[in-house]
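Peer 1: sequence and predicted structure, then a few things I'm wondering about:
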Amino acid sequence: MTPSVVVVDHPLVKHKLTLMRAKETSTASFRALLTEISMLLAYEASRDMKLGTKTVETPLATIEAPTLEGKKVVLIAILRAGLGILDGMLELMPSARVGHVGLYRDPKTLLAVEYYYKVPSDLSDRDVLVCDPMLATGNSAIAAIERIKQSRPGSLKFICLLACPEGIKNFHEAHPDVPIVTAAIDERLNEHGYIVPGLGDAGDRLFGTK
């Protein structure tokens with residue numbers, strides 16, 4: 001299977017991402033922009049969801065109209081920064097089931113350490129979208145997807161705001177079957193495991209903790 005990366009290069013996404021990158025952007029604006037971009041990422045990520053039909057009576061006629069088919073989609077946020085993407089996706093898909101995976105990056109090894117895991121018990125036959133703003137080293141995303149795969153979801157996609165070549169390479173070496181949907185692919189990782197030029201620590205900027 002050929003690894004898939006979809007870059008959502010819509011002008012609105014590019015513009016809003018530029019505003020998010022600026023270091024002077026406030027916490028409130030950063031949060032609002034992430035929600036807005038997340039809705040556009042969700043739009044792209046849900047493009048291939050299955051459709052059925054249902055009978056609908058319009059004011060003028062009775063028709064067979066398209067409607068989403070199958071079980072409700074599941075959105076899984078990697079804590080804590082993934083909550084920012086989750087909020088935007090829920091605006092577009094308010095009936096989605098929600099899960100959370102708590103991971104932190106060990107500052108010395110840069111490996112992901114799990115401290116919390118709570119997702120819907122039945123993921124079979126469900127489309128699962130896993131959210132985290134940054135695909136940097138890829139270690140957190142790899143660990144989260146590995147855990148989620150144990151529940152045998154119907155389909156899996158990883159949704160992020162920014163990715164870098166190193167993170168994409170590491171992620172798809174571990175999970176070549178999981179597509180990535182992102183707003184941009186940046187230049188590189190620095191020696192501290194941050195995306196350059198990036199936008200800093202997404203969690204800190206989202207929650208105003210730095």
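Peer 2: Noted; the coordinates are in hand.
Peer 1: alpha carbons only for contacts and neighbour counts from here, please
Peer 2: Will do.
Peer 1: how far away is Pro197 from His15?
Peer 2: 16 Å (C-alpha to C-alpha, to the nearest Å).
Peer 1: Ile180 now?
Peer 2: Counting by C-alpha to C-alpha, the gap from Ile180 to His15 is 21 Å.
Peer 1: between those two, which has more neighbouring residues?
Peer 2: Neighbours of Ile180 and His15, each counted by other C-alpha atoms under 10 Å, are more numerous for Ile180; the result is 24 against 13.
Peer 1: tell me the secondary structure at Ile63.
Peer 2: For Ile63, the assignment made with DSSP: H, G, I helix; E, B strand; the rest coil gives strand.
Peer 1: give the contact list for it.
Peer 2: Thr55, Val56, Glu57 (C-alpha atoms under 8 Å, 6 or more residues apart in numbering).
Peer 1: identify the bridge partners of it.
Peer 2: Val56 (DSSP bridges).
Peer 1: show me where pLDDT drops low in the chain?
Peer 2: 1-2 (pLDDT under 70).
Peer 1: show me where it has strands.
Peer 2: For the chain, the strands defined by DSSP state E cover 5-7, 51-57, 62-68, 74-79, 97-105, 112-118, 127-131, 134-135, 155-163, 180-185, 188-189, 195-196.
Peer 1: mind exporting the C-alpha coordinates of the helix of greatest length in the chain to PDB?
Peer 2: The helix that spans the most residues within the chain, counting by DSSP state H, is helix 27-45. What follows is helix 27-45, C-alpha atoms only, in PDB (Å, rounded to 0.1, in the frame of the first residue of the first chain):
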ATOM      1  CA  THR A  27      -4.200  32.800  22.700                       C
ATOM      2  CA  ALA A  28      -7.800  33.600  21.900                       C
ATOM      3  CA  SER A  29      -7.100  34.200  18.200                       C
ATOM      4  CA  PHE A  30      -4.800  31.100  18.000                       C
ATOM      5  CA  ARG A  31      -7.600  29.000  19.500                       C
ATOM      6  CA  ALA A  32     -10.300  30.400  17.100                       C
ATOM      7  CA  LEU A  33      -8.100  30.000  14.100                       C
ATOM      8  CA  LEU A  34      -7.300  26.400  15.000                       C
ATOM      9  CA  THR A  35     -11.000  25.600  15.300                       C
ATOM     10  CA  GLU A  36     -11.700  27.200  11.900                       C
ATOM     11  CA  ILE A  37      -8.900  25.300  10.100                       C
ATOM     12  CA  SER A  38      -9.900  22.100  11.800                       C
ATOM     13  CA  MET A  39     -13.400  22.400  10.200                       C
ATOM     14  CA  LEU A  40     -11.700  22.600   6.800                       C
ATOM     15  CA  LEU A  41      -9.400  19.700   7.500                       C
ATOM     16  CA  ALA A  42     -12.500  17.600   8.700                       C
ATOM     17  CA  TYR A  43     -14.200  18.600   5.400                       C
ATOM     18  CA  GLU A  44     -11.400  17.000   3.400                       C
ATOM     19  CA  ALA A  45     -10.900  14.000   5.700                       C
END
